[in-house]
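Peer 1: sequence and computational prediction follow.
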Amino acid sequence: MDIILFHGDSIIYFILIIIKIGMIGKFMSELMRVPFTKAMKKTHTILLPEMLEYHSPFLQAAFQGSGYHFAVMQGSRRLKEKALRYMNHEYCYPGVLIVGQILDVLEEGSYPADRVAFMEPQAGGACRAGNYYHVIIRTLQKCGYGKIPVISLNFKAQEKHPGFRISLRLFRDAVTAVCYGDLIMRLYQQVKPYECEEGATDAVRRALEEKLAEQIRSHCRRPGGRRAVYREMIEAFAKIPVRKAERKKVCVAGEIYIKFSALGNHHLEEYLAKQGCQCVMGGFINYAIYVLDSDYRAYLTNTPRPVLRKGYDIALTYLKKIQQELYHEVISHGRFEMDLPFASLKERALNSIGCDCITGDGWLVAAEVAAAVEQGCKHVLIVHPFGCLVSHISERGIVKKLKSMYPNVNIQTIEYDYDSSDTLRESRIRLGLGELTAGR
């Protein structure tokens, strides 16, 4: 590409150089990108970063049911040291962990390098996560694995590969997987802290995961559809003997990776359980609807003639309908709680941050906090990666307002970074639980 040099104006000249370098970098990334071919679908295993602990067994089954060899990475050994040999230190904690897991898997050798592909989920937010895809490609190039395909999992069908596509069957199975994961998570969190027999809740969870994952994998449709499965799951957890006990209900909200990934939040839910607390998290389906709704909002704002309006409306209506079916079954049973459906959740953001904040996790964090407080949470932990500008705006930036709205609720932000100590982080968690005071 030819550019015009503005002699005498060094600032403009410098900007043009940066633009050209950026375009060259993008062009080189495309040249380096290895396609996931149709033949690879039979020979290669696609590995997904560890992120959604409750949802992963079902999502794995959904991809396997569409003919993909699919697994979730489990590596956790010295991830920081491995990743930072190839990455800039300015990248956020989730990026470091994801690249570290990829390198750990390759070093371990459990999957042959010539029979593996990596998948990176992307929501399209305005943060450094948007660069993970190219960072992974370049990292693999640097350490001698440049022939490994990297797949971007996004709802805009960007970075297409001839051997991978989201079919209608896979989309429906993935939605089912998310619903099963959300329900398992909420039921588990409401029963586990009160079980009479230690391990009983885990046994029920494992049995349901195995059974329902196989149903998704084999496309076995039960009479009554998903609603019947929801009732089965609810009844299975309802039969677990529980005791009356005082437990602090602690809402965990925040940046999506740190919130859901046990690797990213250093097993926060397990730590809270040891402190005698009940963990409360908003479901992933609300996040999925939030991402689509936010993109729709931006699309309508920036596009003079929104020809895709009908497509957005259909997708959002479908997801909200599926969510409503799930919530109806839980409410009908009467014992357990779900977080609020999307429309109600969105209303909770109007008095705090407003619904125009759609960058990153945007208004969703404030809305989840409000919903959790309504359900009796007196302690709130808002978790996010250190140095994440988006998180500082939409999460730390809303704390003062939330504290003024809920003066009797203990709200703390918890930062996660590869250089922060567990002691410092756990002290802040205990502060959020009311076990320490700021003056001590």
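Peer 2: Good, I have the coordinates.
Peer 1: low-confidence regions, the stretch 301-440 of the chain specifically.
Peer 2: Residues of the stretch 301-440 of the chain meeting the criterion pLDDT under 70: 435-440.
Peer 1: quick one: the helices in it, in order.
Peer 2: Using DSSP state H, counting those that start in this stretch, the helices of the stretch 301-440 of the chain run over residues 309-333, 342-347, 362-374, 389-394, 399-405, 422-432.
Peer 1: out of the ones you listed, deepest packed?
Peer 2: The highest mean neighbour count among the helices of the stretch 301-440 of the chain, using mean count of other Cβ atoms under 10 Å, belongs to helix 362-374: a mean of 25. (Glycine included, C-beta is placed from N, CA and C.)
Peer 1: other SSEs contacting it?
Peer 2: The helices and strands touching helix 362-374, judged by 3 or more Cβ pairs under 8 Å, 6 or more residues apart in numbering; DSSP states H and E, are strand 248-254, helix 284-302, helix 342-347, strand 379-385, helix 389-394, helix 399-405.
Peer 1: helices or strands up against the fourth one?
Peer 2: For strand 379-385, the helices and strands in contact under the criterion 3+ Cβ pairs under 8 Å, 6+ apart are strand 248-254, helix 256-260, helix 362-374, helix 389-394, strand 410-416, helix 422-432.
Peer 1: which stretches of the stretch 101-250 of the chain aren't confidently modelled?
Peer 2: For the stretch 101-250 of the chain, the ranges with pLDDT under 70 are 123-130, 156-157.
Peer 1: thinking again about what came up before, mind putting the helices and strands packed on strand 379-385 into JSON lines with distance to Val307?
Peer 2: Shown next, in JSON lines, are these (distance: least, Cβ to Cβ, whole Å):
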{"stretch": "strand 248-254", "distance to Val307": "36"}
{"stretch": "helix 256-260", "distance to Val307": "30"}
{"stretch": "helix 362-374", "distance to Val307": "25"}
{"stretch": "helix 389-394", "distance to Val307": "29"}
{"stretch": "strand 410-416", "distance to Val307": "41"}
{"stretch": "helix 422-432", "distance to Val307": "47"}
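Peer 1: if we can go back for a sec, who wins for proximity to Ala236 among the helices and strands packed on helix 362-374?
Peer 2: Closest to Ala236 of the helices and strands packed on helix 362-374 is helix 284-302 (Cβ to Cβ; 20.5 Å).
Peer 1: who's in contact with the closest one?
Peer 2: Applying Cβ atoms under 8 Å, 6 or more residues apart in numbering, the external contacts of helix 284-302 come out as 52, 55, 123-124, 155-156, 178-179, 181-182, 256, 260, 306, 308-309, 312, 315-316, 319-320, 322-323, 326, 339, 341-342, 345-346, 355, 358, 361-362, 364, 368.
Peer 1: coming back round to it: ok, which of the helices of the stretch 301-440 of the chain comes nearest Pro94?
Peer 2: helix 389-394 (10.6 Å).
Peer 1: alpha carbons of the closest one, as PDB, please.
Peer 2: Output of helix 389-394 as PDB, limited to C-alpha atoms (Å, rounded to 0.1, in the frame of the first residue of the first chain):
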ATOM      1  CA  LEU A 389      -9.200  -0.900  31.800                       C
ATOM      2  CA  VAL A 390     -12.600  -2.200  30.800                       C
ATOM      3  CA  SER A 391     -13.100  -3.900  34.100                       C
ATOM      4  CA  HIS A 392     -11.900  -0.800  36.000                       C
ATOM      5  CA  ILE A 393     -14.600   1.300  34.300                       C
ATOM      6  CA  SER A 394     -17.600  -1.100  34.400                       C
END
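Peer 1: circling back: would JSON lines of the helices of the stretch 301-440 of the chain with distance to Leu59 be doable?
Peer 2: What follows is the helices of the stretch 301-440 of the chain, written out as JSON lines (distance: least, Cβ to Cβ, whole Å):
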{"stretch": "helix 309-333", "distance to Leu59": "15"}
{"stretch": "helix 342-347", "distance to Leu59": "20"}
{"stretch": "helix 362-374", "distance to Leu59": "21"}
{"stretch": "helix 389-394", "distance to Leu59": "24"}
{"stretch": "helix 399-405", "distance to Leu59": "32"}
{"stretch": "helix 422-432", "distance to Leu59": "28"}
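Peer 1: which of those helices sits closest to Met233?
Peer 2: helix 309-333 (9.0 Å).
Peer 1: which residues are in contact with that closest one?
Peer 2: Contacts of helix 309-333 (Cβ under 8 Å, 6+ apart): 175, 179, 182-183, 186, 226-227, 230-231, 234-235, 238, 285-286, 288-289, 292-293, 295-296, 299-300, 336-338, 341-343.
Peer 1: mind checking which of the residues you listed are buried?
Peer 2: Among the contacts of helix 309-333, those classed as buried by 16 or more other Cβ atoms under 10 Å are 175, 179, 182-183, 186, 226, 230, 234, 285-286, 288-289, 292-293, 295-296, 336, 338, 341-342.
Peer 1: Ala61: neighbour count?
Peer 2: Using other Cβ atoms under 10 Å, the number of residues around Ala61 comes to 23.
Peer 1: ah, wrong one, I meant Pro35
Peer 2: 14.
Peer 1: and for Val96, nearest residue in space, chain neighbours not counted?
Peer 2: Ala83 (4.6 Å; Cβ to Cβ, 6 or more residues apart in numbering).
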